[in-house]
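>>> build me a structure from this.
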Amino acid sequence: MGLELEEKLRRAVRGEIGFGTAARALMTMDASNYRRVPLGVVAPRDADDVAATLAVCRELGVPVVPRGGGTSIAGQATGIGVVID
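All right, here's what the predicted structure looks like:
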């Protein structure tokens with residue numbers, strides 16, 4: 001599913017899409033002790049990119065994590081789906 005997800009996101013989103021090891025590793029931690037490696041990372045340009053990301057993930061049944069500042073102390077800024085940063 002990772003390759004299909006990446007391809008669909010690249011077609012639908014104008015912002016940056018990261019499925020490489022480095023991009024994913026940067027999103028494995030927040031201010032908590034939890035570490036989860038996401039499938040991929042999306043850095044949207046605008047609200048349309050966010051909507052497109054949500055549509056693709058909904059279609060494929062992939063969880064979405066809105067990262068925000070990555071300051072959570074309970075692990076909610078990390079996840080195994082797609083992180084919107």
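
>>> from now on I want contacts and neighbour counts done on CA atoms only, so please keep to that.
OK.

>>> can you give me the helices for this protein?
Remark: helices assigned in the chain by DSSP state H are 2-12, 21-26, 47-60.

>>> in JSON lines, list these along with mean neighbour count.
JSON lines is the format used below for the helices of the chain (neighbours: other C-alpha atoms under 10 Å):
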{"stretch": "helix 2-12", "mean neighbour count": "15"}
{"stretch": "helix 21-26", "mean neighbour count": "14"}
{"stretch": "helix 47-60", "mean neighbour count": "16"}
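
>>> want to throw those helices into CSV with distance to residue 76 and mean pLDDT?
Shown next, in CSV, are the helices of the chain (distance: least, C-alpha to C-alpha, whole Å; pLDDT from 0 to 100):
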stretch, distance to residue 76, mean pLDDT
helix 2-12, 22, 94
helix 21-26, 15, 90
helix 47-60, 18, 98
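
>>> hang on, isn't residue 41 packed against residue 21?
No. The pair residue 41 / residue 21 is not scored as a contact, 10.6 Å apart, by C-alpha atoms under 8 Å.

>>> before we move on, the earlier item: out of the helices of the chain, nearest to residue 84?
With C-alpha to C-alpha as the criterion, residue 84 lies closest to helix 47-60 of those, at 7.7 Å.

>>> what distance separates the closest one from the centre of its chain?
Mean-position distance between helix 47-60 and its chain equals 11 Å (C-alpha atoms, centre = their mean, to the nearest Å).

>>> and that helix, what does it pack onto?
Helices and strands touching helix 47-60, by 3 or more C-alpha pairs under 8 Å, 6 or more residues apart in numbering; DSSP states H and E, are helix 2-12.

>>> which residues touch the helix it packs on?
Under the criterion C-alpha atoms under 8 Å, 6 or more residues apart in numbering, residues 17, 19, 39, 40, 49, 52, 53, 56, 57, 60 lie in contact with helix 2-12.

>>> could you do stretch 16-27 as well?
Here stretch 16-27 makes contact (C-alpha under 8 Å, 6+ apart) with 6, 9-10, 36-45, 78, 83.
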